[in-house]
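Trainee: Make a model of this:
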Amino acid sequence: MEPTQERTRALTAARAHLDRGFRFEQAGSLARALEEYRDALASGPLPYEEIDARLRVARVHRTLAEWDACREQSEAAIRLADEHAEDDLAAEAMNVQLGALQMQGFYDAADELGHRAIGRAKSARVRGITLQNLGRSAAERGDFAGADAYFGDSIDAFRSANYEIGVAVALTNSAKAAHDRGDTRRAIQIGHEAISLARRLNQLDVLLTAVQNQAAALVASGDHDSVEALLTEALGHFTSARNLLRQAECLEIMGQMSEARSGDRDAARRCFERARELAIAVGDRPLAERLTKRLGGGEPADDANRAS
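Mentor: Now for the predicted structure:
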């Protein structure tokens, strides 16, 4: 949320809970973030605070791959935003739902929602979020020129809004897109920038996503010595945060590393099997299908995670 000047004058009980919840969320303490957001809803919030709280609850459920709860809360936020003419908050809630659709592989529905959201976004920050998500869909479809254009526009929007977290997310996704199209050197270069910015901002979840992607690019470049510590850091964080989807993606990269570094197919297979179990558990169909292909000996699609 990008509050107006009037809204920042009074620190309400709801706003205090929302601020604390956001700090927990960014640190990966999702249960505590959810508790604070629910406390905000129970504190008699103003209408825009209730909308903000519900979209944040939806975002936590999305991170936990709890799709039905995510959809329920984001749709409630959109309805309230419509009732109170809060277009920017409606667009932000649409983006939460959009991200959940992308994570499940429903790119057509995600794009349709994204184009609706871009028409309602009022602030540069929310416009940047929407452009970022449209870029993610383009990258997933293999339209890397389109993805680069969206990512570039989103970075411009984030910088105009002085929203550095968004810049870190955009750099992380740009690095991943470069890796997907085979430009490993550029992926590593942008990845270093993303990691440096996320570390400076102390945005742990963005940092670890960037680290995870950097590990995938380093595997592709043959620099295996730098990968293990990065993956251990990422997997430890996502395990403690109960983020099954990110755990699965880390395990996939570990499997790739085992194959590339030592030719240890048994170790790689164990990583891929566990990763597929987790992908199925959270309903990530593209990841589960990719891992099935790896386990079956087919040509795998070289894909990993993007920030959101």
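Trainee: Could you count how many residues lie near residue 94?
Mentor: Residue crowding around residue 94 was assessed by other Cβ atoms under 10 Å; the count is 27. In this view, the C-beta of every residue, glycine as well, is placed from N, C-alpha and C.
Trainee: pLDDT below threshold where in this structure?
Mentor: Low-confidence segments of the chain, defined by pLDDT under 70, are located at 1-10, 297-308.
Trainee: how does it divide up, domain by domain?
Mentor: Here the chain is described, according to automatic domain parsing, as comprising the domains 13-137, 200-308.
Trainee: any chance of the ones you listed in a markdown table, plus distance to residue 180?
Mentor: A markdown table is the format used below for the domains of the chain (distance: least, Cβ to Cβ, whole Å):
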| stretch | distance to residue 180 |
| --- | --- |
| domain 13-137 | 11 |
| domain 200-308 | 7 |
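Trainee: After the stretch of helix or strand residue 210 belongs to, which helix or strand is next? Please name it.
Mentor: Element membership for residue 210 (DSSP states H and E) is helix 204-221. Using DSSP H and E, the next helix or strand after helix 204-221 towards the C-terminus is helix 227-240.
Trainee: what angle sits between the helix or strand just after that next one and helix 227-240?
Mentor: Of the helices and strands lying after helix 227-240 in sequence (DSSP H and E), the nearest is helix 244-262. Regarding helix 244-262 and helix 227-240, their directions subtend 160 degrees when assessed with axes from the mean of the first three to the mean of the last three Cα atoms, to 10 degrees.
Trainee: Against which helices or strands is helix 244-262 packed?
Mentor: helix 204-221, helix 227-240, helix 265-282, helix 285-296 (3 or more Cβ pairs under 8 Å, 6 or more residues apart in numbering; DSSP states H and E).
Trainee: Identify the residues contacting residue 17.
Mentor: If a contact means Cβ atoms under 8 Å, 6 or more residues apart in numbering, then residue 17 has 36, 37, 39, 40, 43, 53 as its contacts.
Trainee: that older thread, nearest to residue 164 among the domains of the chain would be which one?
Mentor: When these are compared by Cβ to Cβ, domain 200-308 sits nearest residue 164, at 5.7 Å.
Trainee: rewinding a little: what subset of the contacts of residue 17 is buried?
Mentor: Members of the contacts of residue 17 that pass the buried threshold by neighbour count (16 or more other Cβ atoms under 10 Å) are listed as 36, 37, 39, 40, 43, 53.
Trainee: can you list these in JSON lines and add secondary structure and distance to residue 17?
Mentor: Putting the buried ones among the contacts of residue 17 into JSON lines (DSSP: H, G, I helix; E, B strand; the rest coil; distance: Cβ to Cβ, whole Å) gives the following:
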{"residue": "36", "secondary structure": "helix", "distance to residue 17": "5"}
{"residue": "37", "secondary structure": "helix", "distance to residue 17": "7"}
{"residue": "39", "secondary structure": "helix", "distance to residue 17": "5"}
{"residue": "40", "secondary structure": "helix", "distance to residue 17": "4"}
{"residue": "43", "secondary structure": "coil", "distance to residue 17": "6"}
{"residue": "53", "secondary structure": "helix", "distance to residue 17": "8"}
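Trainee: Could you export those to CSV, including columns for distance to residue 183?
Mentor: Conversion of the buried ones among the contacts of residue 17 to CSV gives the following (distance: Cβ to Cβ, whole Å):
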residue, distance to residue 183
36, 41
37, 39
39, 46
40, 43
43, 49
53, 41
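Trainee: Just give me the closest of the residues you listed to residue 268.
Mentor: residue 37 (39.6 Å).
Trainee: ok, so what distance separates that closest one from residue 53?
Mentor: Counting by Cβ to Cβ, to the nearest Å, the gap from residue 37 to residue 53 is 5 Å.
Trainee: Any buried residues in whatever helix or strand residue 132 lives in, and which?
Mentor: Of the helices and strands defined by DSSP H and E, residue 132 is found in helix 124-140. Residues 124-140 are the ones in helix 124-140 that count as buried (16+ other Cβ under 10 Å).
Trainee: I appreciate the help and will end here.
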